[in-house]
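**Student:** Pasting the sequence and the predicted model now:
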Amino acid sequence: MVKMEIIEESAEKIKILFKETDRAFANALRRSLMSNTPKMAIETVRFQMGSFDLCLSCSHLNPAAVARDSSGGSGCDNCGKKLEKEGVDYNVWETNGALPDEMIAQRLAMVPIPTNHEQFHYEETCPNCKDLVHEDRGCPACNMIYTCKAFGSEEGTTVTAGDMIYLGDQSLEIPEHYRAIPITKLYKGQMLEFYATAVMGRGSQHAKWSPVCGVTFVPRQVGILNVKTRAKMLWDLNLEITAKDFDKDGRLEDIAKVETLVRELHHVGDGTEVKVDFNDAITVEEVPGEFIFSFETDGSMAPQTALKMASAALSTSFGSLEEDLVAAL
Ligand SMILES: [Zn+2]
Ligand SMILES: [Zn+2]
C-alpha cells in the first residue's frame, strides 16, 4: 500500500512524499489529476444584447429610445422623469464592447470557479438530470450560474472576475485572490451583461476543467558522504550544507536539505576545476520506491481535495477495469 507524507502545503501548492510505490503509480495519479479530476468551469454564456437609456435620476435602464421625449415616450419606466436631453436626463449604453463575445466566453472559462464536490455533480450523473436528454440537463445540483452587469467609463473600466455575482450561496463567489482577473475593458457608452453557467467537467475534455498545473514527481534522493577528507573542499566554500547535516553513517535524508545539497554540489561537479580532486566525495543516490510529488491548483479547490478526487477517479477506473476483466475471462 502506498504511503503518503505531506512535506509542504499551502492554499494552492502541495509537496508529498510517496513511499512503497513505483513510477507507474505516481504517473497514473499525475495523469488523473490533470485529466480526470472533477472541476467546475464556465461552459455556456448568455450575453444580453441591446442598447439602453440610463435614467440619470434613478439609474433605471430603459429600453433604448422608447421612453425618450423625442420619440414620444412618457419618460423613465421607473421614476417617470422626462428623458429630454442626452447627457443631462439620460445616457445611452450599448452592449458593444471591443472584445467579441466568443473571446469573453473563452476568458470566463479560464476563471477558477470554487468547486464543491459534495454539492455539485457531473450533469450526466446528477441525481435530477441523469435520465434527461443532454439539452434538458441542468439544475441547482449540477449547474452554477454567475451574472454580471458592468458599465464602462470615460477613462475605461476593467471588468474583472470579481464583477460576477453568484446566484446562490456566498461561499461560491469567485475567491478574493482571483477577483482581479481581467475580462474586458469598457469605455463610456459600452456595457456588458451576461449569465454564465458553470458545469462539472474533466481536464480530458478541455483544459479549463483541469484544476492543476505543474504536476511533477522526482525520485527521492539522499546525500551520501563517501570521503570525509575530500568533502572538506565543499565545506570550505562556506555554503549552506555542512558536515554536521550528515548523520553518523554519513547520510543526509532531510528532503529540503538534500535539494540544497544537490544545488551546492554543482560547485564541485561537472565543469568545475575541482571535479577531479573532489572525485565524488559526496554523492546523492535515489531511494527505491520513494518519490517526491508536487503540484499547484488553479484555485478552484484545495490541493488535498484535488488529490482525493484524483485518487477516487483513478480507483473508479481501475474498479471498472477489474469488472471488465472478470466479465471477459
Ligand atoms: Zn428614472
Ligand atoms: Zn442536475
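**Tutor:** Yes, it's here. Residues are numbered from 1 along each chain as shown. Ligands and ions are numbered 1, 2, ... in the order given.

**Student:** Give me the phi and psi for K130.
**Tutor:** Phi and psi for K130, reported as degrees, to the nearest 10, are phi -60, psi -30.

**Student:** can you tell me how far it sits from G201?
**Tutor:** From K130 across to G201, the span is 15 Å (CB to CB, to the nearest Å). Every residue, glycine included, has its C-beta placed from N, CA and C.

**Student:** Which residue of the two possesses the greater neighbour count?
**Tutor:** Taking neighbours as other CB atoms under 10 Å, K130 and G201 compare with G201 leading, 19 against 13.

**Student:** Which other helices and strands does the helix or strand encompassing T305 contact?
**Tutor:** Here T305 sits within helix 303-328, counting by DSSP states H and E. Counting contacts by 3 or more CB pairs under 8 Å, 6 or more residues apart in numbering; DSSP states H and E, helix 303-328 packs against strand 13-19, helix 23-35, strand 282-297.

**Student:** all helices of the stretch 151-300 of the chain, in order?
**Tutor:** 228-235, 255-264, 275-278 (DSSP state H, counting those that start in this stretch).

**Student:** How about residues contacting the last one?
**Tutor:** Spelled out, it's helix 275-278. 230, 233-234, 268-269 (CB atoms under 8 Å, 6 or more residues apart in numbering).

**Student:** if you set the cut-off to 7 Å instead, what comes out?
**Tutor:** 230, 233, 268-269 (CB atoms under 7 Å, 6 or more residues apart in numbering).

**Student:** ditto for stretch 3-15
**Tutor:** Contact partners of stretch 3-15, identified using CB under 7 Å, 6+ apart, comprise 16-20, 255, 292, 294-297, 299, 302-304.

**Student:** Nearest spatial neighbour of the closest residue to ligand 1 within the stretch 151-300 of the chain, chain-adjacent residues omitted?
**Tutor:** Minimum separation of the stretch 151-300 of the chain from ligand 1 (CB to the ion) falls at F151, amounting to 15.8 Å. Counting by CB to CB, 6 or more residues apart in numbering, the nearest residue to F151 once its immediate chain neighbours are dropped is M191, at 5.0 Å.

**Student:** Look up how far G156 lies from the one you found.
**Tutor:** Relative to G156, and taking CB to CB, M191 is found at 13 Å.

**Student:** Looking at those two, which one has more neighbours?
**Tutor:** M191 (21 against 11).

**Student:** Averaged pLDDT, stretch 210-225. What do you get?
**Tutor:** Mean per-residue pLDDT for stretch 210-225: 96.

**Student:** quick one: buried residues of that stretch?
**Tutor:** Within stretch 210-225, the residues that count as buried by 16 or more other CB atoms under 10 Å are 210-212, 215, 217, 220-225.

**Student:** can you redo those as TSV with distance to T283?
**Tutor:** Output for these, formatted as TSV (distance: CB to CB, whole Å):
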residue	distance to T283
S210	38
P211	38
V212	33
V215	29
F217	22
R220	15
Q221	10
V222	10
G223	8
I224	5
L225	9
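
**Student:** How about the residues of the stretch 1-150 of the chain by ligand 2?
**Tutor:** Within the stretch 1-150 of the chain, the positions lying close to ligand 2 (CB under 5 Å from the ion) are 126, 128-129, 139, 141-142.

**Student:** so which of the helices of the stretch 151-300 of the chain comes closest to D163?
**Tutor:** helix 255-264 (41.2 Å; CB to CB).

**Student:** got the contact list for the closest one?
**Tutor:** Residues outside helix 255-264 that contact it (CB under 7 Å, 6+ apart): 7, 17, 221-223, 234, 239-241, 245, 252, 284, 292.

**Student:** ok and that helix relative to helix 228-235, angle-wise?
**Tutor:** Angle of helix 255-264 versus helix 228-235, following axes from the mean of the first three to the mean of the last three CA atoms, to 10 degrees, is 80 degrees.

**Student:** now the angle between strand 13-19 and helix 255-264, please.
**Tutor:** 100 degrees.
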